Structure formats: structure tokens, C-alpha cells
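1. Here's my sequence, what's the structure:
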Amino acid sequence: MMDGKQEWRQRMLNQLRQLKAAEKEMYDRQIAAHLYRWPLWQTARTIAMTVSRETEVNTLPIMEQAWREGKTIGVPKCDPRAKTMSFRRLESFAQLEKAYAGLFEPIEKQTTPIDRDEFDLIIVPGVCFAKTGYRIGYGGGYYDRYLPGASAVTAALAYSFQVMDDIPAEEHDVPVKFIITDQGVLHCER
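-> Here you go, the predicted model:
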């Protein structure tokens with residue numbers, strides 16, 4: 001099954017890398033606009049999200065918007081040895097450092113932990129998605145270990161071409177409930 005996922009991941013990453021900067025910016029703005037109008041964003045007080053990497057929907061302006069709206073943002077800190085992650089409260093981009101796998105993570109000395117139960121909304125990254133909410137991530141399995149038992153609403157930000165009818169999924173995969181794309185909010189049905 002993993003070969004399947006690996007191939008899907010590679011194919012989609014190649015497609016994402018071919019997205020022209022102007023197009024990506026336009027999609028990012030459309031996705032953010034749908035997100036801000038979404039009632040579950042509006043009512044969420046504490047939100048988990050990652051600092052986007054180059055092929056992902058840009059989350060930096062989304063974090064700035066959340067701060068403007070008085071929301072609390074938690075960003076993940078990974079422990080590659082234990083393959084686990086915890087979230088820490090981010091109040092400024094100055095509290096980030098480049099860490100594991102070139103990802104930006106919170107500086108522990110400057111941030112405080114946020115417990116999983118405190119989140120109202122967890123925005124889950126991924127490379128490709130099924131309409132049912134299943135996702136292929138980067139292969140670390142961090143979210144599949146973090147999400148079981150979380151009470152927060154789960155959502156992903158994705159370009160519409162990243163959403164397929166179906167993708168390979170395994171027993172332990174945890175689907176998201178919503179996918180916010182440049183075309184609107186998709187409520188994942190299973």
C-alpha cells in the first residue's frame with residue numbers, strides 16, 4: 001500500500017511545484033477568503049496550524065488574520081526520535097526557528113505549550129486529499145498519531161486539484177472533516 005501512497009505523494013508534489021507564483025497567490029487568497037467566512041473559523045478561539053512550506057497554501061497571512069481577530073495560534077514542535085509532536089503558542093513569527101526537515105518550529109524557551117483539548121480547530125497539512133477527508137501527508141504519520149481523541153474540528157487547506165475522488169488509505173489514517181479549497185468549503189462525507 002505504501003508504494004501507492006509514495007507515488008501519489010510524488011506526483012502531487014511535482015504538480016504543486018509547477019504552480020506558477022501568481023496563480024498560487026491567487027488560490028491562496030481565495031482559500032483564505034473562504035476560510036475567514038466559514039462559521040467554524042469565526043467561532044474558533046484556539047487554532048492549531050503549521051507554518052507552511054513552499055508548496056503549501058501560505059499560512060502566514062492566515063496566522064496574522066487570526067491574531068488580528070484575537071485568536072490563539074498553536075504551531076507544532078516535532079520530536080523526530082519519538083515521532084510525536086506537541087503544539088506551542090505562537091504570538092509572533094520571531095518565535096520561530098528552522099528545525100527538523102527544514103520546517104519552522106516554535107522556539108521552546110519563548111513559547112508555552114497548548115494542550116490538545118484546548119483546540120477548537122486543527123488545520124491538518126497534507127499533499128493530497130480524498131473527498132472523504134482521507135489525506136496523504138509527508139509520510140511521518142505525526143497527525144495520525146496526534147488526532148485520535150482530539151475533540152477539535154479538523155480541516156485542511158488545499159488547492160482544488162489536490163482533492164481526488166479517492167486515494168489509498170490505511171486503517172490508522174485519520175480523515176479530516178472539512179477541506180477548504182479555492183472553490184469553497186467541502187464537508188467531507190464518508
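2. can you list contacts of the lowest-mean-pLDDT helix or strand in the chain?
-> Lowest on mean pLDDT, DSSP states H and E among the helices and strands of the chain sits helix 2-17, with a mean of 89. When contacts are taken as Cβ atoms under 8 Å, 6 or more residues apart in numbering, the neighbours of helix 2-17 outside the stretch itself are 55, 56, 127, 128, 136, 138, 139, 159, 161, 162, 167, 168. (Glycine included, C-beta is placed from N, CA and C.)
3. how near is residue 74 to residue 95?
-> Residue 74 sits 12 Å away from residue 95, taking Cβ to Cβ, to the nearest Å as the criterion.
4. the more surrounded of these two?
-> Just comparing residue 74 and residue 95: by other Cβ atoms under 10 Å the higher neighbour count belongs to residue 74, 24 against 18.
5. Could you list everything that one pairs with in the sheet?
-> When bridges are assigned using DSSP bridges, the partners listed for residue 74 are residue 48, residue 89.
6. Work out for me the element residue 105 sits within.
-> Assigned by DSSP states H and E, residue 105 belongs to strand 104-106.
7. Following element in sequence after that strand, please.
-> Per DSSP H and E, strand 104-106 leads on to strand 113-114 as the next helix or strand towards the C-terminus.
8. and the next helix or strand after that following strand, what does it pack onto?
-> Tracing the chain past strand 113-114, the next element assigned as helix or strand by DSSP H and E is strand 121-123. Using 3 or more Cβ pairs under 8 Å, 6 or more residues apart in numbering; DSSP states H and E as the contact criterion, the elements in contact with strand 121-123 are strand 46-48, strand 153-157.
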